[in-house]
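Q: Here is my input, please return the structure:
(one chain, ligands or ions: 1)
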Amino acid sequence: MSEHSEIYDRSVAILKLNDKGSYTVPTHGLYPFQWNWDSCLTALGFSHFDEQRAWLEIETLFAHQWEDGMVPHIVFHELDDGYFPGPDVWNTRRVVPTSGITQPPVAGFAVKRLFDRSENREQIADRVKALVKSIDRWHQWFFDCRDPQGEGLVALIHPWESGRDNSIDWDKPFVNVPTDGVQPYTRRDTQHANPAHRPTKDQYDRYLWLVEHFRSLDWDNSILHDNSPFRIVDPGFNAILLRSCAELALLAEELDEPEIAHRNSRWAKRGINALEKLWSSEHSQYVCWDRVAEEQINSASIGGILAVFAPLSQERVTAIVSRLKTIAANSKYLVASHDPTDNRFDSKRYWRGPVWLIVNYMIIDGLQQAGQHQMAASIEHDSQALIAESGFAEYYDPVSAEGCGGDSFTWTAAMMLEFISS
Ligand code: GLC
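A: Numbering: from 1, shown residues only. So this is what the prediction gives:
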């Protein structure tokens, strides 16, 4: 108990340290703005000691939703030249500048959970209803702009949208992204964190080529998907969207918004059926689909395990649990962001091997929903052990437990509050 309260206090202190009043930075220095999925998951952490602050975090994000429905991946509330690429590179021409791409839509899930936990349901019902409508518009935007053929699954057009920036999943499709003509630039991330843990220069050139390309198309979301040389259907990303659709449907029902409920429940069901195309029997998990090459990508990354966050069939969940057992046998701490037996695995380089606690949290939640409590408990145990060993890092080496990337990291602290308070 005393150990729990000490770790509770340390987690709360990190959220307060990174709190800018109406939004939270992921960590000072490396990420000095508001990030989309960071904020939604951070709000869950806030809810354990300040419910109003939790709602404000998400409301601030949605105040910057685009007119077409997109919710951007970064909101540049205050100028800070310690981060690259900043607002001038994105040039989305908004009053408060934002990036021009999106991030995993976990808001529907987070808002439902916050409402379930709320002690002030009646007082906040109108505010929540407003958020439900905004989230519904975002979901609609996804299916309109990122699923033009109506397949039921949406594509990413930039690796940063996935939240898994330099995953091995993108190596093959990245060959189609050119690098010529990219404006000269100076990276800032490698000044804040160990360059050996960060994406390579070659990857950065391609990230920037895509940004400059979309900028040249005026950030017009009605044409970006078809004009992008990078179009990937990521199972983890889609699972987050589909789970959010399912949760939003329940919340909309509760708040007497039957049309929103109906639409979102339909999207969830259709998408879960469509996910079958991404199943890999060879890897016993889902894999990404390359919508340009029209083929599966042979890369067994965490995205295909995170799929369990969506309400899948028992057969798929059982197969994913056996996959997790294999991963556990090959790395000390669950869950490595890439298959540890693959020779491309890199235990310290960002999304090419390290453990990320937000992903663990969503996998745990999905397993619990499916009744797989034992595996869920193992992942939670490892998650807490990593913090006990190495503090509140951005991510961790799954073999040595070393903390990597930024320090005093907001969403890591928020996830700890979730683990110890639930
Ligand atoms: C990195 C992560 C991304 C996260 C951001 C801020 O870019 O890959 O998922 O949202 O940092 O923490």
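
Q: How about the contacts made by the closest residue to Asp397 other than its chain neighbours?
A: Leaving aside its chain neighbours, Asp397 sits nearest to Ser347 (4.7 Å; criterion: C-beta to C-beta, 6 or more residues apart in numbering). For every residue, glycine as well, the C-beta is placed using N, CA and C. The contact partners of Ser347, by C-beta atoms under 8 Å, 6 or more residues apart in numbering, come to 331, 336, 340, 353-354, 397-400.

Q: Only whichever of these are buried, select them in PyMOL.
A: Buried members of the contacts of Ser347, defined by 16 or more other C-beta atoms under 10 Å, are picked up in PyMOL with:
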select buried, resi 331+336+340+353+354+397+398+399
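
Q: Using the three-state scheme, assign the residue nearest to Asp397.
A: Secondary structure assignment for Ser347 (DSSP: H, G, I helix; E, B strand; the rest coil): coil.

Q: what separates it from the ligand, distance-wise?
A: Computed as C-beta to the nearest ligand atom, to the nearest Å, the Ser347 to the ligand distance reads 17 Å.

Q: what do you get for Phe309?
A: Note on Phe309: its distance to the ligand, by C-beta to the nearest ligand atom, is 15 Å.

Q: To what extent is that residue buried, counted in neighbours?
A: If you count neighbours by other C-beta atoms under 10 Å, Phe309 ends up with 28.

Q: Enumerate every residue touching it.
A: 236, 239-240, 243, 362-363, 365-366.

Q: what's the distance between it and Asp171?
A: Noted for Phe309: a distance of 24 Å to Asp171, by C-beta to C-beta, to the nearest Å.

Q: same thing with Gly45?
A: Between Gly45 and Asp171 the computed distance is 33 Å (C-beta to C-beta).

Q: how deep is the residue lying closest to Gln140 once chain neighbours are set aside tucked in, by neighbour count?
A: Leaving aside its chain neighbours, Gln140 sits nearest to Gly69 (5.9 Å; criterion: C-beta to C-beta, 6+ apart). Gly69 is flanked by 19 other residues according to other C-beta under 10 Å.

Q: residue contacts, Gly69?
A: Gly69 is in contact with 137-138, 140-141, 144, counting by C-beta under 8 Å, 6+ apart.

Q: In a markdown table, list these along with neighbour count.
A: A markdown table is the format used below for the contacts of Gly69 (neighbours: other C-beta atoms under 10 Å):
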| residue | neighbour count |
| --- | --- |
| Arg137 | 18 |
| Trp138 | 23 |
| Gln140 | 16 |
| Trp141 | 20 |
| Asp144 | 16 |
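
Q: So which of those are in helices?
A: Residues of the contacts of Gly69 located in helices (DSSP state H): 137-138, 140-141, 144.

Q: ok, so of these, who is nearest the ligand?
A: Using C-beta to the nearest ligand atom, Trp138 comes nearest to the ligand of those, at 16.5 Å.

Q: Just to check, the closest one is in contact with Gln65?
A: Yes - the criterion here is C-beta atoms under 8 Å, and Trp138 meets it with Gln65 at 6.8 Å.

Q: residues of stretch 80-91 that come out buried?
A: Buried, per 16+ other C-beta under 10 Å, within stretch 80-91: 80, 83, 85-87, 90.

Q: if you look at those residues, which of them are in helices?
A: Counting by DSSP H, the part of the buried residues of stretch 80-91 found in helices is 87, 90.

Q: Next, format the contacts of Ser347 as CSV and append secondary structure.
A: Shown next, in CSV, are those (three-state DSSP):
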residue, secondary structure
Ser331, coil
Ala336, coil
Pro340, coil
Gly353, coil
Pro354, coil
Asp397, coil
Pro398, coil
Val399, coil
Ser400, coil
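
Q: Nearest to the ligand within the stretch 1-150 of the chain, name that residue for me.
A: Sorted by distance to the ligand under C-beta to the nearest ligand atom, the residues of the stretch 1-150 of the chain start with Pro26, at 3.5 Å.

Q: C-terminal to the helix or strand containing Val211, what's the next element?
A: In the assignment (DSSP states H and E), Val211 maps to helix 201-216. Next along the chain after helix 201-216, taking DSSP H and E as the criterion, comes helix 221-227.

Q: Can you give me the buried ones in that following helix?
A: By neighbour count on 16+ other C-beta under 10 Å, the buried set for helix 221-227 is 221, 224-225.

Q: Contact residues of the stretch 101-250 of the chain facing the ligand?
A: Applying C-beta under 6 Å from any ligand atom, we find that the stretch 101-250 of the chain lies next to the ligand at 163, 165.

Q: In the stretch 101-250 of the chain, which residue sits closest to the ligand?
A: Of all residues in the stretch 101-250 of the chain, Gly163 sits closest to the ligand, at 3.5 Å by C-beta to the nearest ligand atom.

Q: could you list every residue that touches His192?
A: His192 neighbours (C-beta under 8 Å, 6+ apart): 29-30, 82, 406.

Q: Next one: the nearest residue to Asp226 once chain neighbours are set aside relative to Lys325, how far apart?
A: Of all residues not flanking Asp226 in the chain, Pro148 sits nearest, at 6.8 Å (C-beta to C-beta, 6+ apart). From Pro148 across to Lys325, the span is 39 Å (C-beta to C-beta).
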